[in-house]
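K.L.:
mind folding the following:
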Amino acid sequence: MGRPARPLILLLALLAACALSALAHQQRVLKTSPGGRAGRVPGEPADKKNDDPSQEPPSEPTPLSLALSLLTQLSHAPSPPSNPQPALYVPPSPLTPLEAAIDYIRPSWLKVPSAAGGSKRESWAERRAGRVLELLERAVAKGGEEAEEARGVWADLMLRAPPPFKQNATRAFELYSDLASRTGNATAHAALGFFYDTGYGGAVEPHPGTALLHYIFAALGGDTGAEMTLAYKHWVGIGAEQDCEEALGWYQRVADKAMAHYHAGPPGGQRLPLTKTRLSDLAGGAYGRGASVASTGNNVIRPAIKAGRAKEAGESWDELLEFFSYSAFQNEHAYALRLGRIHYLGSIYPLPSNQADGAGEVPRNYAKALFWFRRVARLVWGEDARRKEVDPGVEQLAGMAAGYLGRMWMRGEGVREDMERARMWAERGAELGDPESHFLLGLMLRDGLGVQPNFQKAVAHFQTAAQHHHPEAYIELGKIYAANGDTARATQHFEYAVASGNAFEAYYHLASSVSRTSCPAAVAYLKLVAERGDWTHAAPEWRDAQIRWARAAEWGDEKGRGEREGALLGWWRLAERGYEVAQNNVAFVLDQDKQRIRLPHLDPAPSNSSAALALTHWARSAEQHQIDSSVKEGDYYFYGLGTPDGKPDYQRAAQIYLGAAETHVSALALWNVGWMYERGLGVPQDFHLAKRYFDMALDTDEEALVPVVLSLIELHLRSLWARLTGQNEKALSIFGPSRAHHQRSSSSSHDDRPAPAPKAEDDVEERRPPRKNRHTDDWAPEADLYADAWGDAGDADADLDDELVESALILALAGALAALVWVRGVVILGRFKSRIYHRLKKRILGGSQTVSAIIMP
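P.N.:
As a prediction, this is how the structure comes out:
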């Protein structure tokens, strides 16, 4: 054989190796496929041969069962590194040795670049996704009982579009319409209500009346999400008549379901879901750190704010837990107890009443929690169960650890349920004064859990725990008082429970007591209960949106776009149910007002459709007492973002700013009002009111010093110009106005000022329907709003004016001195240049001076 045949032999060997590699990979894939023995492909019929005649041949799998099996395969995947929960993409499978060898010797120009799991795995997932859709279509065409379920699964995939599926809103709408018309499916009606309410994806034109009708059908069919949507719509009057009693009825249904699910759990109730986190809070608020109410004052210690700071600093929860573990092994026993709580609750930030904040979520690990709790408890009770003498601080930590151990044994969390051990640890904790242990003993004695029931002793333990402000103990005592007809004391204990950290069950009982006297208060209470106890309807949707948002951040702009849209869709659907956190997230994601410096002729025009949607959700979030959202809403009207005609509406912006300013917690809102009074935009120009609001902005937040000082300097310059141009009635008095002048200015200026938007009341008893009152076009005079303040603060204003005059004089003198120094320097430099010129002239004309003599006089 000649020499040219050697490349042919090598090529044939390479092709054979590739074929063997493909065959090995196919066999590995088939082994992991559902539907039977290794080698059987989903969708193919089972082997007819049956070696065991005593067994009946397996039944043929239906298209729907095969589709669900493939969906299970697609959903078994690890999460992005930033999220501890499972995600929905499939990781690449490991290569066989033969595949690895071929991949190593393959030229680089033959290798296909991989991204986010690799093209090989993506191709596998896309083929599986196509197979799923084919099977669902076959199941729908086949008809029968499974056809309707297949239609619902197909529609959900087309709407949510988990990867690798592609969204098709129009197809989803058609499938939901078909399903609703055929069976009256409640989930389908709820989805159609969302489509008609929002016009999502252009599948249908928005029609609030049709949306309301579908929501009613869904709610009557038992769909909890539709019930919450109807309750919210009737509460605020969006797309439905504002009716407090109607809203109360729907929220009562959802709250009853939540409470039933709560009490169906282990002793002590079902564990509440982690609290939901605003994206804006992780960024320091809608305006960033320092400028937002969310991150100023006492809000800086909120878990979401601290989590955002940690993320910006590059910290990770794994590093934090590693530090805690190191400290705990160095006999820092407080860190050991903290680690136990973190692993038990599943969050870096535990909350009262065994709740936890979602901003610090970590995987829950009962085994690690049990290890750390036991480690702390053994400081007092050794292996021989004898109590040791330790410091009081260590005793307190050991008592808390014993309470958690008793709780885990009583509820069967990470261990088998054992009431004897639960009672043992609860008694040990109670011996050291732990309130959780007293509460557990009260539950055991009341319900006879491992002990003989003893109601009197149970009440005594509840009272002891309540003396240490244990929220669940307050609730149990409140229920006892309510059962005995003592409504006043029952209400008092429920309010104590709210103040101690358990608003879920306490608000449920408070709603029952106030529903006859205050419908708005009862609605507010039940709304909180419905949103907090959302195990079955909203918590999974929120979790999915959270995962997809984290995955989008990891995958980047191009590949993560579908995941961002999926997360936005999840939050949008929850926002329609009245979740303020979801409304805030939708607005923050679509925010068209993130620029701090505007260049109108260079900046691209914002999307008015996205701006209108963002404005809607900023407004709805503001109606639920979010001050930063209220200021954002004012900004949109000020800049004309999302308004019907795309033009600024200064009067509406001023009205909203005034409503936010009256809470006296937002320095930015106060500064905005002062700025508008200074320029007369949306309100009558009034330099005195402008100064008043600037001063209040500085009083509210000391970090506003620089902008306030600059604004006051500009304000006084404007006032000086007004005085020079003869507009003395607008100018500020430099030498301190009299009190009578202040009063005259106050009464004359307030006659034409717009009525502020209704303020966000802290007392839920006086909460007003927001949609009808916040955006009114009537501008009622409020002449006496600041009359007392002006009358009593004349001397203070005079002092401030004097200080400002002194500062201005000092600055003027400093400027004059700087000018004199500059003039002197110019004169000296001129003289020096003249001397050099004359000396050089002499040297050039034949003088006898040397160069050094010329340079050095």
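K.L.:
what about residue 160, distance to residue 191?
P.N.:
Noted for residue 160: a distance of 10 Å to residue 191, by CB to CB, to the nearest Å. Where you see a C-beta, it was placed from the backbone N, CA and C, and this is true even at glycine.
K.L.:
return the helix or strand in the chain with minimum mean pLDDT.
P.N.:
When the helices and strands of the chain are scored by mean pLDDT, DSSP states H and E, helix 787-792 comes last with a mean of 36.
K.L.:
residue 542 touches residue 573, doesn't it?
P.N.:
No. Taking contacts as CB atoms under 8 Å, residue 542 lies outside contact range of residue 573: 10.1 Å.
K.L.:
settle it for me: which of those two has more neighbours?
P.N.:
The neighbour count for residue 542 versus residue 573, taken as other CB atoms under 10 Å, is higher for residue 573 (25 against 22).
K.L.:
once you drop chain neighbours, what's closest to that one?
P.N.:
Distances taken as CB to CB, 6 or more residues apart in numbering place residue 194 nearest to residue 573, at 5.9 Å, with adjacent residues excluded.
K.L.:
look at that neighbour and report its pLDDT.
P.N.:
Looking at residue 194, its pLDDT reads 97.
K.L.:
those helices in the stretch 451-600 of the chain, which residues are they?
P.N.:
Remark: helices assigned in the stretch 451-600 of the chain by DSSP state H, counting those that start in this stretch are 455-467, 471-483, 487-500, 504-514, 519-532, 539-555, 561-575, 580-589.
K.L.:
tilt between the last one and helix 561-575?
P.N.:
If I follow you right, that is helix 580-589. Inter-element angle recorded for helix 580-589 and helix 561-575: 140 degrees (by axes from the mean of the first three to the mean of the last three CA atoms, to 10 degrees).
K.L.:
poorly predicted segments of the stretch 451-600 of the chain, please.
P.N.:
Low-confidence segments of the stretch 451-600 of the chain (pLDDT under 70): 594-600.
K.L.:
what does the chain give?
P.N.:
In the chain (pLDDT under 70), the answer is 1-8, 10-59, 76-122, 594-607, 728-730, 733-811, 837-857.
K.L.:
number of residues surrounding residue 200?
P.N.:
Neighbour count for residue 200, taken as other CB under 10 Å: 19.
K.L.:
please apply the same query to the one 4 residues further on.
P.N.:
Per other CB under 10 Å, the neighbour tally for residue 204 reads 18.
K.L.:
for it, give its distance to residue 307.
P.N.:
Distance of residue 204 to residue 307, computed by CB to CB: 39 Å.
K.L.:
kindly report the same for residue 625.
P.N.:
22 Å.
K.L.:
ok, those two, which is more surrounded?
P.N.:
Shown here are residue 625 and residue 307; by other CB under 10 Å, residue 307 has more neighbours (23 against 17).
K.L.:
helix or strand for the more buried one, just tell me which one.
P.N.:
helix 303-312 (DSSP states H and E).
K.L.:
may I see the buried residues of the host helix or strand of residue 72?
P.N.:
In this assignment (DSSP H and E), residue 72 forms part of helix 63-75. Neighbour-count burial for helix 63-75, with 16 or more other CB atoms under 10 Å as criterion, is recorded at 63-71, 73-74.
K.L.:
helices or strands next to that helix in the packing?
P.N.:
With contacts defined as 3 or more CB pairs under 8 Å, 6 or more residues apart in numbering; DSSP states H and E, helix 63-75 has these neighbours: helix 118-142, helix 145-160.
K.L.:
tell me the most buried of those?
P.N.:
helix 145-160 (a mean of 20; mean count of other CB atoms under 10 Å).
K.L.:
next structured bit after it?
P.N.:
helix 169-183.
K.L.:
not counting its neighbours along the chain, what's nearest the residue most central in space within the chain?
P.N.:
By CA atoms, centre = their mean, the chain has its centre lying nearest to residue 278, at 1.7 Å. In this structure, residue 278 finds its nearest non-sequential neighbour in residue 584, 4.8 Å apart by CB to CB, 6+ apart.
K.L.:
contacts only, for the one you found.
P.N.:
278-280, 617, 621, 626, 629 (CB atoms under 8 Å, 6 or more residues apart in numbering).
K.L.:
residue 68 versus that one, what's the distance?
P.N.:
In terms of CB to CB, residue 584 sits 35 Å off from residue 68.
K.L.:
got it, and residue 613?
P.N.:
For residue 613, the distance to residue 68 (CB to CB) stands at 35 Å.
K.L.:
so residue 423 versus residue 412, what's the distance?
P.N.:
Note on residue 423: its distance to residue 412, by CB to CB, is 14 Å.
K.L.:
which one of those two has more residues nearby?
P.N.:
Taking neighbours as other CB under 10 Å, residue 423 and residue 412 compare with residue 423 leading, 20 against 14.
K.L.:
looks like residue 273 contacts residue 535 (just checking).
P.N.:
Yes. Here residue 273 lies in contact with residue 535, judged by CB under 8 Å, at a distance of 6.3 Å.
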